[in-house]
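Student: Just a sequence and a predicted model for now, questions to come.
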Amino acid sequence: GQQLNQSPQSMFIQEGEDVSMNCTSSSIFNTWLWYKQDPGEGPVLLIALYKAGELTSNGRLTAQFGITRKDSFLNISASIPSDVGIYFCAATNGHKLSFGAGTTVTVRA
Amino acid sequence: GAGVSQSPSNKVTEKGKDVELRCDPISGHTALYWYRQSLGQGLEFLIYFQGNSAPDKSGLPSDRFSAERTGGSVSTLTIQRTQQEDSAVYLCASSFRSGGTSTDTQYFGPGTRLTVL
């Protein structure tokens, strides 16, 4: 089963807003990753974090690997309509990825 | 460029039938992984191949599930005597993983949506 607790489960955004989501674990992991999945597609890697305390950016995305190695967060700044989708955190100590249940990001009407 | 491909994209079967799902990894990738994604859930690890051998089969949910990989490339996931709870999206990923490296990037295919009636 899943070992990662991801929140929030869903969120509504307006264009231009900043978005934050996070993931926690009861176990220590050496690598944390964030993926985005669009309908009918497989997950696509957004950011990978390899060192505790590491803060990494990829365009409007920023993610941090918690110092305890048991958590991570993802921020999306100045959201745009194509940011909608499902975001998953994942973590690993080797080959097997453990995933959170996902955060569904939807545009607020 | 050529990514991970999976076939079929959708499969509807009757309870009790066997199904085979295929994965073509990215050329040159030594490692291959199968995951299962139930509706509204994250991905659940099933099995990991390094070359043609499977050093980690710990995620296979029952002995009705099996997988093989031939020629260090194509992999087939077989589910025998399918049950309704097997309905899910089955995703394959591949990576270039050499012995001793800590973590590699896994690239996912689009998945096969399996529906068991």
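Tutor: That came in fine, so what should we check first? Numbering: from 1, shown residues only, chains lettered A, B, ... in the order given.

Student: Poorly predicted segments of chain A, please.
Tutor: A:1-2, A:109 (pLDDT under 70).

Student: which bits of it sit near chain B?
Tutor: A:1-2, A:4, A:6, A:30-31, A:35, A:40-45, A:48, A:50, A:88, A:90, A:92, A:94-102 (C-beta under 8 Å from any C-beta of the partner chain). Heads up, the C-betas are built off the backbone N, CA and C, glycines and all.

Student: any weak-confidence spans in chain B?
Tutor: B:1, B:98-103.

Student: Could you show which parts of it are in contact with chain A?
Tutor: B:4, B:31, B:33, B:35, B:40-45, B:48, B:50, B:56, B:58-59, B:91, B:93, B:97, B:102-103, B:105-111.

Student: of those residues, buried ones?
Tutor: B:4, B:31, B:33, B:35, B:41-45, B:48, B:50, B:56, B:59, B:91, B:93, B:97, B:103, B:106-111 (16 or more other C-beta atoms under 10 Å in any protein chain shown).

Student: Mind checking which of these are in strands?
Tutor: If you go by DSSP state E, these have B:31, B:33, B:35, B:43-45, B:48, B:50, B:56, B:91, B:93, B:107-108 in strands.

Student: Can you show me the strands along chain A?
Tutor: A:4-7, A:10-13, A:19-25, A:31-37, A:44-49, A:55-58, A:61-65, A:71-76, A:85-92, A:98-99, A:103-107.

Student: Buried ones in the fifth one, by neighbour count?
Tutor: In other words, strand A:44-49. A:46, A:47, A:48, A:49.

Student: and if you look at the first one?
Tutor: Residues of strand A:4-7 classed as buried under the neighbour-count rule (16+ other C-beta under 10 Å) are A:4, A:6.

Student: Kindly export it (C-alpha atoms) in PDB.
Tutor: Extracted in PDB, the C-alpha atoms of strand A:4-7 (Å, rounded to 0.1, in the frame of the first residue of the first chain):
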ATOM      1  CA  LEU A   4       3.100   8.700   1.500                       C
ATOM      2  CA  ASN A   5       0.400  11.000   2.800                       C
ATOM      3  CA  GLN A   6      -0.300  13.800   0.300                       C
ATOM      4  CA  SER A   7      -2.400  16.900   0.800                       C
END
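
Student: in its sheet, what does that strand sit against?
Tutor: strand A:19-25 (antiparallel) (DSSP bridges).

Student: Report the inter-axis angle for the strand it pairs with versus strand A:71-76.
Tutor: 170 degrees (axes from the mean of the first three to the mean of the last three C-alpha atoms, to 10 degrees).

Student: angle of strand A:19-25 against strand A:31-37?
Tutor: 130 degrees.

Student: would you turn the strands of chain A into JSON lines with distance to residue B:74?
Tutor: JSON lines is the format used below for the strands of chain A (distance: least, C-beta to C-beta, whole Å):
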{"stretch": "strand A:4-7", "distance to residue B:74": "31"}
{"stretch": "strand A:10-13", "distance to residue B:74": "37"}
{"stretch": "strand A:19-25", "distance to residue B:74": "33"}
{"stretch": "strand A:31-37", "distance to residue B:74": "24"}
{"stretch": "strand A:44-49", "distance to residue B:74": "22"}
{"stretch": "strand A:55-58", "distance to residue B:74": "32"}
{"stretch": "strand A:61-65", "distance to residue B:74": "34"}
{"stretch": "strand A:71-76", "distance to residue B:74": "34"}
{"stretch": "strand A:85-92", "distance to residue B:74": "24"}
{"stretch": "strand A:98-99", "distance to residue B:74": "25"}
{"stretch": "strand A:103-107", "distance to residue B:74": "33"}
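
Student: Appreciated, that's everything.
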